[in-house]
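> Got a sequence here, can you model it:
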Amino acid sequence: MTLAVVTDSAACLPPELARNHGIDVVPLHVIDDDVAPTTARPSVAELAAAYTAALNRADEVLAVHIASVLSGTIDNARLAAQELAAGGRSITVLDSGVSGGALGLAVLAAGEAGDARRGAARARECAARSRTFFLVDDLAGLRRGGRVDRTTALMGGALGIRPVLAMSAAGITVAETVRGAARARRHLVAQAVRAAGGTRLSGPRPPLEPVRLAVHYGDDPARGRQLENDVTEAMARAGALVESVMRSPVDAAHRVHLGPGALGVAVVPWPGRGR
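Numbering: from 1, shown residues only. Sure, this is the predicted structure:
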């Protein structure tokens, strides 16, 4: 039994990493208009084509997509799977409940499984237990897209206030608020360290299990490298067991909502290979 895994560009997987793991990525779309760019889900036809291509090289296909609270992609994915099922082809479709690196790492975990059932279980576990924290320079894009409420958007406009945002299956929430960009970065790192098993940035405390990290940035790769360095150094000081770090820019659709200065860290406890 062979398994092929399909996801969407919200996973922010580096292209070479996706190719090396045999993962097919369907792009989310950016639509430019006269006011501000918007985003659109992949069409049913695009998803069906991706699933068909995957079925041509594997016995089973597992499609793991961006959270339904952020995008309607999962609705079109299910329609595409239903069309193919009418022809006798079976695709397992999973709403990951997450986005960004949490989705990307869940997809990589699924790809390590031998069949769709175990792949879905691994992806579901990784996604459900992941923690994602991020910063944006301006909350206007998230507000326009309905990703944050008016109260949160106004908070971001207050003088010097920088909310550290968190992503979960329920949507985007405020993890904490701080003053100043530099302090916000430090708190972003601290949130990630605590999610990996540390209680503070000093005083080693061995975590219960290894984690994998995803570090994301907007338009500036240097900021992404610096954030990766800051996070890995803080994790080491806190005694966290980091198995790997995936660094990548946010995809074009994410950039519409997050802006060019976004920074984010996803922390994913890693399931054993036998699970």
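
> switch to C-alpha atoms for all contacts and neighbour counts from now on
Fine.

> now the helices: where do they sit in the stretch 1-150 of the chain?
Using DSSP state H, counting those that start in this stretch, the helices of the stretch 1-150 of the chain run over 15-20, 44-55, 73-85, 100-111, 116-129, 140-144, 150-157.

> Keeping just the C-alphas, turn the longest helix along the chain into CSV.
The single longest helix within the chain, with elements called by DSSP state H, is helix 221-238. The C-alpha trace of helix 221-238 is given here as CSV (Å, rounded to 0.1, in the frame of the first residue of the first chain):
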residue,chain,number,x,y,z
PRO,A,221,14.8,36.6,4.9
ALA,A,222,17.3,38.2,7.3
ARG,A,223,14.5,38.7,9.8
GLY,A,224,13.6,35.1,9.4
ARG,A,225,17.1,33.9,10.0
GLN,A,226,17.5,36.1,13.1
LEU,A,227,14.2,34.8,14.5
GLU,A,228,15.3,31.2,13.9
ASN,A,229,18.6,32.0,15.8
ASP,A,230,16.8,33.6,18.7
VAL,A,231,14.3,30.8,19.0
THR,A,232,16.8,28.0,18.8
GLU,A,233,19.2,29.7,21.3
ALA,A,234,16.3,30.3,23.7
MET,A,235,15.1,26.7,23.3
ALA,A,236,18.6,25.4,24.1
ARG,A,237,18.8,27.5,27.2
ALA,A,238,15.4,26.3,28.4
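
> Whatever helix or strand comes next after it pairs with which strands, parallel or anti?
Downstream of helix 221-238, the next assigned helix or strand under DSSP states H and E is strand 242-249. Each strand paired with strand 242-249, and its direction, by DSSP bridges: strand 211-217 (parallel).

> gap between the partner strand and the chain center?
9 Å (CA atoms, centre = their mean, to the nearest Å).

> do the same with stretch 109-120
Averaged C-alpha coordinates place stretch 109-120 at 18 Å from its chain's average position (CA atoms, centre = their mean).

> can you pull the alpha-carbon coordinates of it into CSV?
C-alpha atoms of stretch 109-120 as CSV (Å, rounded to 0.1, in the frame of the first residue of the first chain):
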residue,chain,number,x,y,z
ALA,A,109,4.1,13.8,9.7
ALA,A,110,1.4,12.3,7.6
GLY,A,111,3.8,11.6,4.9
GLU,A,112,5.8,9.4,7.2
ALA,A,113,2.9,7.0,7.6
GLY,A,114,2.3,4.0,5.4
ASP,A,115,-1.4,4.5,4.8
ALA,A,116,-4.1,7.1,4.8
ARG,A,117,-5.6,6.0,8.1
ARG,A,118,-2.4,6.3,10.0
GLY,A,119,-1.4,9.4,8.1
ALA,A,120,-4.6,11.2,9.0
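
> How about that stretch, which residues are buried there?
109-113, 115-116, 118-120 (16 or more other CA atoms under 10 Å).

> Could you do stretch 176-196 as well?
177-178, 181, 184-196.

> next one: stretch 258-275
By neighbour count on 16+ other CA under 10 Å, the buried set for stretch 258-275 is 258-260, 262-270.

> Please apply the same query to stretch 219-231.
By neighbour count on 16+ other CA under 10 Å, the buried set for stretch 219-231 is 223-225, 227-228, 231.
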